[in-house]
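A.B. asks: Just a sequence and a predicted model for now, questions to come.
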Amino acid sequence: MAGTLVDIFRVKELKDRILFTLFWLAIYRLGAFLPIPGINASALQSYFANQSSTGTGITDYLDFFAGGAFKNFSLFMMGVMPYISAQIIMQLLIVIFPKLKSVAEEEGGRRKISRWTRLGTIVIAIIQSFSVTVWADRIPNAIVMSNRTLYTFVAIITVTTGTMFLVWIGEQITKRGIGNGISLLIFAGIVARLPNATFELIKKIQVGEINAIYAIVVLIMFVAVVALVVLEQQGQRKIPVNYAKRIVGRRMYGAQNTYIPFKINPSGVIPVIFASSLLTFPLQIAQSFGVQAKWLRDFSYWLRPSGFWYNFFYVVFIIFFAYFYTQVTLNPQEISKNIRENGGSIPGIRSDKMEEYLTRVLNRIILPGSLYLGLIALIPTLVQRLFNFPSQMAYLLGGTSLLILVGVDLDTMAQVEALLKMHHHDGLVRKGHIRSRNL
């Protein structure tokens, strides 16, 4: 391992990319502690310190994935979640509307889609930042500006600008850093909560609120779940494909045997993120405006993150979007068409039954993968309920955070290993190779 680290910093290109990435991640963490204009930071700290240690519902959830920036009411309090939501919505719209799909496939289409995604990010960030300003008005002495209209305008502009700046940082890390910039920002926000969550857990064990044996059992379970997540993310179902001999120009190309790699969880973390976004957005609006309407207060309590119905719909949406997104990205009809057009065939399967066979295989591997995602998503609630764990540590032990931590780590290691081997150095592992994944 020491030799591998030395090799990493011997390669100038890799060293520059790592230092460039670390620089912008440091800027991101610095911005997480800079409050927006008109906010009394000490009043916020007192307010959240008086809240229950088991968490305040959606507030702790948003704060966890923003790396503590949400409770600080900082420049980056919304993180990159508006951008991720806009990206997912745009990808779904491309599938639903054929005209939009044709725009994406034409020359320069990707640039247009990227521009529209940014515009959608601005709209989502404005809506979410406005709801946050309304909610902040309920915190005693949190707003120091006497002109509430001016404060609302400044807060919306500041938070939206902070989100778009993070999107730009993510793009720079993707181009000039290690890569996968947006995911690394989320990764950094989650990892930044680890020391505080560990300290809070140790403190609760010392005062006797949590049994030390329970803590050890949960940590062992956490290690086992991480190992299973790695195994599940790397698992594949290989569909063999044989190609006949063909003549191109004056050359004859021989028969080629290859395979189609279907992952156990082809959609990755997308179903979890989209399901959480779909539930978080209305819940945030309901909590922000619940003071003016009783039915909104009742709705926010009914759909609280620690309640039964939130977790029930969470799992249902995860399974639904796992099937939906996989059918969008891995269309059996298009795969079958490409195989036939290139003179390929699947052994034992007739050409006209190829689409039906691929659909059946996908449906069989998606179900256990989506159920596994749902189980991981329920871990934070189960750990909090059964072992009285702090919310921050519970979020680290499962749900979206665990999938992002494992997925981004595997992808970053794969990219570092590829750069090392490109410069004729050994990789990060002695045997085999690391398969990257897309978030």
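C.D. replies: Sure thing, it's come through. Small disclaimer: the values here were computed from a predicted structure and weren't measured.
A.B. asks: quick one: residue 14 and residue 20 touch, right?
C.D. replies: No: with contact defined as CB atoms under 8 Å, residue 14 does not reach residue 20; the gap is 10.7 Å. No exception for glycine: its C-beta is placed from N, CA and C like everyone else's.
A.B. asks: More neighbours: which of these two?
C.D. replies: Neighbours per residue (other CB atoms under 10 Å) separate residue 14 from residue 20, with residue 14 holding more: 20 against 16.
A.B. asks: Please, where are all the strands along the stretch 251-400 of the chain?
C.D. replies: Here the stretch 251-400 of the chain has its strands, by DSSP state E, counting those that start in this stretch, at 251-253, 256-263, 344-345.
A.B. asks: in which helix or strand would I find the residue nearest to residue 109 when sequence neighbours are not counted?
C.D. replies: Of all residues not flanking residue 109 in the chain, residue 103 sits nearest, at 5.2 Å (CB to CB, 6 or more residues apart in numbering). Residue 103 belongs to helix 98-105 when assigned by DSSP states H and E.
A.B. asks: That helix packs against which elements?
C.D. replies: Contacts defined by 3 or more CB pairs under 8 Å, 6 or more residues apart in numbering; DSSP states H and E place helix 98-105 against helix 81-96, helix 109-136.
A.B. asks: looking at those, which is closest to residue 187?
C.D. replies: helix 81-96 (13.0 Å; CB to CB).
A.B. asks: which helix in this structure runs the most residues?
C.D. replies: Counting residues, the longest helix found in the chain (DSSP state H) is helix 354-387.
A.B. asks: End to end on stretch 128-148, go ahead and measure it.
C.D. replies: Its start and end residues considered, stretch 128-148 measures 17 Å (CA to CA, to the nearest Å).
A.B. asks: what comes up buried for that stretch?
C.D. replies: 128, 129, 130, 131, 132, 133, 134, 135, 136, 139, 142, 143 (16 or more other CB atoms under 10 Å).
A.B. asks: And the chain, what are its domain boundaries?
C.D. replies: Listed domain ranges for the chain are 1-192, 207-403 (source: automatic domain parsing).
A.B. asks: which stretches of the stretch 1-150 of the chain have low pLDDT?
C.D. replies: Applying pLDDT under 70 to the stretch 1-150 of the chain flags the ranges 1-7, 51-58, 61.
A.B. asks: Swap in 80 and give it another go.
C.D. replies: Counting by pLDDT under 80, the stretch 1-150 of the chain shows low-confidence ranges at 1-11, 41, 45-68, 88, 91-92, 95, 105, 107, 134-142, 146.
A.B. asks: Excluding sequence neighbours, find me the nearest residue to residue 244.
C.D. replies: residue 343 (4.8 Å).
A.B. asks: How many residues are close by that neighbour?
C.D. replies: Counted with other CB under 10 Å, residue 343 comes out at 14.
A.B. asks: So for it, what pLDDT did the model give?
C.D. replies: Listed pLDDT for residue 343 reads 78.
A.B. asks: Surely it and residue 241 touch.
C.D. replies: No: judged on CB under 8 Å, residue 343 makes no contact with residue 241 at a distance of 10.4 Å.
A.B. asks: most tightly surrounded among the helices and strands packed on helix 98-105?
C.D. replies: For the helices and strands packed on helix 98-105, the largest average neighbour count (mean count of other CB atoms under 10 Å) is found in helix 81-96, namely a mean of 19.
A.B. asks: all helices for the stretch 201-350 of the chain, in order.
C.D. replies: Applying DSSP state H, counting those that start in this stretch to the stretch 201-350 of the chain gives helices spanning 212-234, 270-288, 294-302, 308-329, 332-341.
A.B. asks: quick check: angle from the third one to helix 308-329?
C.D. replies: Counting by axes from the mean of the first three to the mean of the last three CA atoms, to 10 degrees, helix 294-302 lies at 80 degrees to helix 308-329.
A.B. asks: Which neighbouring elements make contact with helix 294-302?
C.D. replies: helix 270-288.
A.B. asks: quick check: mean pLDDT across the helix it packs on?
C.D. replies: Rounded mean pLDDT across helix 270-288 is 74.
A.B. asks: Check which helices and strands that helix sits against.
C.D. replies: Secondary-structure packing of helix 270-288 (3+ CB pairs under 8 Å, 6+ apart): helix 58-65, helix 81-96, helix 109-136, helix 294-302, helix 308-329, helix 354-387, helix 399-422.
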